[in-house]
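Chemist: return a 3D structure for these sequence lines:
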Amino acid sequence: MSGGRPAPRPRPAAGAARRPGPGLAVELGSARTRVWAPGRGAVLDVPTVAFRAGGGVSYPVRRGAIVDPEGAARMLHRLLGHRIPPGARPLIVLAAPVLGGVEHRAAALTALRVLRPRRVLTVPAARAAALGAAADLSGPLLVVDVGAHLTEVALLTGGAVVNAYRALLGTADLDAGTTPDDLADAAADMVTDMFRADRTPRSAEALRRGVLLTGGGALRPETAAGLGARLRAPVRTAPAPHTAAVRGAATTLVPDALEPPEPPDTLEPPDALEPPEPAPGRAGRAAPAN
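Modeler: Numbers count the residues shown, from 1 in each chain. Below is the predicted model of the structure:
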């Protein structure tokens, strides 16, 4: 109709079913929050910073733990809420620290509810990073993930995490007296502890196959060199290691892209996982299989 105003779009009737939305992979890191969508790539890659209502900023994730779920929710709503179509309910896959436990998943679910997901699934970050790096999961694989505030070492067998250790140390500590050698020492010590505690040949075989290095710390060449020298084992840095976990989480939303197929509904919802029991000192234990 020429000269007339465009007719308004009809609004959904009250109580109408919401249509499913696109799938999103999310990583809530201590330093950066990343969101990835299959077929679209990076949707979000920003500092993990929330703004308070009364002014000032907060850092809702520290040392890999979500300490301020409400702040994380405000951040996600501000940066991502407008990108989700009205009425859509996305399937969200969260790349979570291997030893984060139920508390981390519950806090993440609180933050992610602001995006109106129809379901939130989790995948261990080490497994996600292996998928993002297109690693060979046919045999034991050792993954070392060096983040800003947290370093995790995980042993995967058949693609599932069977053992993991972590240290509350990362690249952000390099400005506070920590050296790159300290990071390499911490990672090598965890691998050594895992090797000594493993009564099966899996750790030895994984070392022979080589270590997969991921996380922002892997962008530093000295990290791989130092770790390889200490372990006397080959170390392979994942392509774009800082985004390997969120990219790998996104692959679980595309079953046809995996070999063998691994549909996302095989992952555990946050309230179905048992919390890990931290060992004295450095945290480490056999992690729940995803």
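
Chemist: please, where are all the strands along the stretch 1-150 of the chain?
Modeler: 24-28, 32-37, 41-47, 50-51, 57-58, 61-62, 65-66, 91-96, 119-124, 141-146 (DSSP state E, counting those that start in this stretch).

Chemist: which residues touch the first one?
Modeler: Read it as strand 24-28. Here strand 24-28 makes contact (Cβ atoms under 8 Å, 6 or more residues apart in numbering) with 33-37, 43, 48, 60-61, 66, 72, 90-95, 108, 111-112, 115, 125, 128, 245-247, 249-250, 252-253. C-beta: built from backbone N, CA, C; applies to glycine.

Chemist: that strand pairs with which strands, and in what direction?
Modeler: In the sheet, strand 24-28 lines up against strand 32-37 (antiparallel), strand 91-96 (parallel) (DSSP bridges).

Chemist: in the last one, what counts as buried?
Modeler: Same thing as strand 91-96. Buried residues in strand 91-96, counted by 16 or more other Cβ atoms under 10 Å: L91, I92, V93, L94, A95, A96.

Chemist: who touches it?
Modeler: Contacts of strand 91-96 (Cβ under 8 Å, 6+ apart): 20-28, 104-105, 108, 112, 115, 117-125, 128-129, 245-246, 248-250, 252-253, 264, 267, 270.

Chemist: buried subset of these as a ChimeraX selection?
Modeler: Here is the ChimeraX command that picks out the buried ones among the contacts of strand 91-96, judged by 16+ other Cβ under 10 Å:
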select :21,22,23,24,25,26,27,28,104,105,108,112,115,117,120,121,122,123,124,125,128,129,245,246,248,249,250,252,253,264,267,270
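
Chemist: for the strands of the stretch 1-150 of the chain, give me TSV that also has distance to A197.
Modeler: Listed next are the strands of the stretch 1-150 of the chain as TSV, based on distance: least, Cβ to Cβ, whole Å:
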stretch	distance to A197
strand 24-28	29
strand 32-37	32
strand 41-47	36
strand 50-51	39
strand 57-58	38
strand 61-62	28
strand 65-66	25
strand 91-96	23
strand 119-124	19
strand 141-146	14
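
Chemist: how about the ones you listed, which one is nearest H77?
Modeler: Closest of these to H77 is strand 50-51, at 10.0 Å (criterion: Cβ to Cβ).

Chemist: how about a markdown table for the strands paired with strand 24-28, with mean pLDDT and distance to A218 added?
Modeler: Formatted as a markdown table, the strands paired with strand 24-28 follow (pLDDT from 0 to 100; distance: least, Cβ to Cβ, whole Å):
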| stretch | mean pLDDT | distance to A218 |
| --- | --- | --- |
| strand 32-37 | 96 | 14 |
| strand 91-96 | 96 | 15 |
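
Chemist: could I get those as a markdown table with distance to D182?
Modeler: Converted to a markdown table, the strands paired with strand 24-28 look like this (distance: least, Cβ to Cβ, whole Å):
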| stretch | distance to D182 |
| --- | --- |
| strand 32-37 | 22 |
| strand 91-96 | 26 |
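
Chemist: from P201, how far out is the nearest residue to R202 once chain neighbours are set aside?
Modeler: Once flanking residues are discounted, R202 sits nearest to P140: 4.4 Å by Cβ to Cβ, 6 or more residues apart in numbering. Here P140 is placed at a distance of 8 Å from P201 (Cβ to Cβ, to the nearest Å).

Chemist: more neighbours: these two, which one.
Modeler: Each of P140 and P201 has its neighbours counted (other Cβ atoms under 10 Å); P140 has more, 21 against 10.

Chemist: contacting residues around that one?
Modeler: P140 neighbours (Cβ under 8 Å, 6+ apart): L155, L156, T157, R202, S203, E205, A206, R209.

Chemist: just the buried members of those?
Modeler: If you count burial by 16+ other Cβ under 10 Å, the buried members of the contacts of P140 come out as L155, L156, T157, R202, S203, A206, R209.

Chemist: inside helices: which ones of the residues you listed?
Modeler: R202, S203, A206, R209 (DSSP state H).

Chemist: number of residues surrounding R196?
Modeler: R196: 9 surrounding residues under other Cβ under 10 Å.
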